[in-house]
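[1] just coords:
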């Protein structure tokens, strides 16, 4: 076991396929394990990349309190356990052959489309909340406008940059085939979490690169994405809480006193070699599959006042790393 610092321990990386390796990680705080996770290291020239997205969640109205234009179902969508379940993906694009090729899969955008300031780009198309869907904590629809940080996976090489969007139209010059939005954690090898704008829950819905929690004090599960100096993609998912083995996945039930902060995630990514990074989804959005090493998911904290029901959270978009 390699001691990264007083808080992080990682087991040496091992290959799972050409161009893909992974390692297990433990996060210790005050002598207690706060979160467990896994990091995958990917040479994207040796694999295929795909983002599958699910309109039934993206187009849903997540208006949290008061009047709503549609039924409140914040858990609605395709979770990773559902994605791998042949009985629940009959109308999806993933075939059995697709599933056999998947090396790594995980959640993507930091808002999971529950809030309106997140998007993915698939085959050059900007995928965002439509005007009929009001974001949670919002009173009205707000389109994407301004600068947004995102991880551009294709065209090669991967990079993190700001893109300009005007009223849901991508205006940045240059082709973008595949991308995931999220506030930037690391730039040129430096932790820049302090630059992330915060919009607390009592101030309404988030816009731009805003998050609705403290990057320094709020602890939960997270998925984040980094790029190393060698151009490798790093996907890291850390899971808070106590693990229970379900029939086909390991479930971590989140507790209020366990977890990892976004600032600590940035420090961990730097120690894993990332020189650029963005934040992905957290809490119950955190779901990750590694071939031969199983499927892990975070069980969200139940919020009945927002219409939530017990169960693994649905995802608006899933990143897939497939063998060629």
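    Perfect, I can see it now. These numbers come from a predicted model, not from an experiment.
[2] which helix runs longest in this protein?
    In the chain, with assignment by DSSP state H, the single longest helix is helix 262-271.
[3] which is the next helix or strand following it?
    Under the assignment DSSP states H and E, the closest C-terminal helix or strand after helix 262-271 is strand 274-282.
[4] strands of the stretch 201-324 of the chain, start to end?
    222-228, 233-240, 242-245, 250-253, 274-282, 287-290, 294-299, 317-323 (DSSP state E, counting those that start in this stretch).
[5] same list, those, but as JSON lines with mean pLDDT, distance to residue 209 and mean neighbour count please.
    Quick note: C-beta positions are derived from backbone N, CA and C, even for glycine. What follows is these, written out as JSON lines (pLDDT from 0 to 100; distance: least, C-beta to C-beta, whole Å; neighbours: other C-beta atoms under 10 Å):
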{"stretch": "strand 222-228", "mean pLDDT": "98", "distance to residue 209": "14", "mean neighbour count": "26"}
{"stretch": "strand 233-240", "mean pLDDT": "97", "distance to residue 209": "20", "mean neighbour count": "27"}
{"stretch": "strand 242-245", "mean pLDDT": "90", "distance to residue 209": "32", "mean neighbour count": "11"}
{"stretch": "strand 250-253", "mean pLDDT": "93", "distance to residue 209": "27", "mean neighbour count": "18"}
{"stretch": "strand 274-282", "mean pLDDT": "97", "distance to residue 209": "9", "mean neighbour count": "26"}
{"stretch": "strand 287-290", "mean pLDDT": "98", "distance to residue 209": "23", "mean neighbour count": "26"}
{"stretch": "strand 294-299", "mean pLDDT": "94", "distance to residue 209": "23", "mean neighbour count": "22"}
{"stretch": "strand 317-323", "mean pLDDT": "97", "distance to residue 209": "18", "mean neighbour count": "22"}
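[6] relative to residue 115, which of those is closest?
    Taking C-beta to C-beta, strand 274-282 is the member of the strands of the stretch 201-324 of the chain nearest to residue 115, at 10.8 Å.
[7] tell me the confidence at residue 232?
    We have a pLDDT of 98 for residue 232.
[8] ignore what I typed, I meant residue 309.
    54.
[9] now residue 59
    So, for residue 59, pLDDT stands at 84.
[10] can you report phi and psi for it?
    Main-chain dihedrals, residue 59, degrees, to the nearest 10: phi -90, psi 0.
[11] what sits against it?
    Contact partners of residue 59, counting by C-beta atoms under 8 Å, 6 or more residues apart in numbering, are 129-130, 132-133.
[12] check residue 180 too.
    51, 108-109, 120-121, 150-151, 153, 225, 278, 280, 317, 319.
[13] distance of it relative to residue 15?
    25 Å (C-beta to C-beta, to the nearest Å).
[14] how about residue 154?
    23 Å.
[15] more neighbours: which of these two?
    residue 154 (17 against 10; other C-beta atoms under 10 Å).
[16] my read: that one touches residue 48, true?
    No. Applying C-beta atoms under 8 Å as the test, residue 154 and residue 48 come out as separate, 10.3 Å apart.
[17] any common contacting residues for these two?
    With C-beta under 8 Å, 6+ apart, residue 154 and residue 48 have no common neighbours.
[18] which of the strands of the stretch 201-324 of the chain sits closest to residue 42?
    strand 233-240 (4.4 Å).
[19] give me the angle between that closest one and strand 317-323.
    120 degrees (axes from the mean of the first three to the mean of the last three C-alpha atoms, to 10 degrees).
[20] pairing partners for strand 233-240, with directions?
    strand 32-42 (antiparallel), strand 222-228 (antiparallel) (DSSP bridges).
[21] for this structure, which spans come out with low pLDDT?
    Regions of the chain meeting the criterion pLDDT under 70 cover residues 1-6, 63-76, 89-94, 301-310.
[22] picking that back up, now a PyMOL select for only the buried ones of the contacts of residue 59.
    Command for PyMOL that selects the buried part of those, burial taken from 16 or more other C-beta atoms under 10 Å:
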select buried, resi 129+133
